[in-house]
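Asks: Mind folding the following:
(2 chains)
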Amino acid sequence: NAGVTQTPKFRILKIGQSMTLQCTQDMNHNYMYWYRQDPGMGLKLIYYSVGAGITDKGEVPNGYNVSRSTTEDFPLRLELAAPSQTSVYFCASSWPGTGGTGELFFGEGSRLTVL
Amino acid sequence: EDQVTQSPEALRLQEGESSSLNCSYTVSGLRGLFWYRQDPGKGPEFLFTLYSAGEEKEKERLKATLTKKESFLHITAPKPEDSATYLCAVQARSKNYGGSQGNLIFGKGTKLSVKP
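Replies: Model prediction:
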């Protein structure tokens, strides 16, 4: 059971380039999330999904897009990268059965630098 | 506005020196308060959920408590392997993210260092 797997772990982009951060989970969780973590700041929700085909914006969605074609995969697309998108990105998942327990399962993160 | 404030930002302890981390919050209807541990270069790892004032949860050397305005994470006789950043998050009743946990508000964390 691998849990939540993110790729790549590290990436350097030039301003204006685009890329996709991959996230897959093998726990059959309905809910999936993308967060960004900036130094000295709390985790901020970018997008979330409550099931295949259903996605919605979080707190900081500008400059990003997501899709959820399967239960397992939840890729995050960065279009026209900007230095402000330099951050560590975390994918997470959770199971509806936990209700309000707040138990999110996180991946190990993808560190992105935009130069 | 819902918010979470953690203090101190950083805490250095000697092995065996007990202490507490604080998480104060303002939220419009608390659904739950959560503690996570984050090791360098890793994703956060779930520790506890607290739902109501007076509730306590324990795990090894860690004990989390909750009042109406704050939560404490007590660390008893810490060891170097307890060194990590501890994150606090709250979930409000007023915000509905399709039933998911997408409405968690995270604090900035307390970086704990335990020296042998």
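
Asks: Please list all residues in contact with B:Glu56.
Replies: Shown in contact with B:Glu56 (C-beta atoms under 8 Å, 6 or more residues apart in numbering or on different chains): B:50, B:63-66. Placement of C-beta: from N, CA and C, glycine included.

Asks: partners of the helix or strand bottoming out on mean pLDDT in chain B, with directions?
Replies: Between all helices and strands in chain B, the lowest mean by mean pLDDT, DSSP states H and E belongs to strand B:104-106, at a mean of 91. Looking at strand B:104-106 with DSSP bridges, its partner strands are strand B:84-92 (antiparallel).

Asks: Extract the C-alpha set from the strand it pairs with and format it as PDB.
Replies: Output of strand B:84-92 as PDB, limited to C-alpha atoms (Å, rounded to 0.1, in the frame of the first residue of the first chain):
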ATOM      1  CA  ALA B  84       9.600  18.000  13.800                       C
ATOM      2  CA  THR B  85       7.200  20.800  12.900                       C
ATOM      3  CA  TYR B  86       3.800  20.400  14.600                       C
ATOM      4  CA  LEU B  87       0.800  21.800  12.700                       C
ATOM      5  CA  CYS B  88      -2.600  22.600  14.100                       C
ATOM      6  CA  ALA B  89      -5.700  22.900  11.900                       C
ATOM      7  CA  VAL B  90      -9.400  23.700  12.600                       C
ATOM      8  CA  GLN B  91     -12.500  22.700  10.700                       C
ATOM      9  CA  ALA B  92     -15.500  25.100  10.800                       C
END
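
Asks: For the residue of chain A found nearest chain B, which non-adjacent residue is spatially closest?
Replies: Nearest residue of chain A to chain B, counting by C-beta to the nearest C-beta: A:Phe106, 3.0 Å away. Of all residues not flanking A:Phe106 in the chain, B:Gly43 sits nearest, at 3.0 Å (C-beta to C-beta, 6 or more residues apart in numbering or on different chains).

Asks: Could you double-check that that neighbour lies in contact with A:Arg111?
Replies: No: contact criterion C-beta atoms under 8 Å: B:Gly43 and A:Arg111 do not qualify, at 11.9 Å.

Asks: who has more neighbours, those two?
Replies: Taking neighbours as other C-beta atoms under 10 Å in any protein chain shown, B:Gly43 and A:Arg111 compare with B:Gly43 leading, 23 against 16.

Asks: show me the contacts for the spatially most central residue of chain A.
Replies: In chain A, the centroid-proximal residue (C-alpha atoms, centre = their mean) is A:Trp34; its distance is 2.6 Å. By C-beta under 8 Å, 6+ apart, the contact list for A:Trp34 reads A:21, A:23, A:45-48, A:58, A:64, A:66, A:74, A:76, A:89-92.
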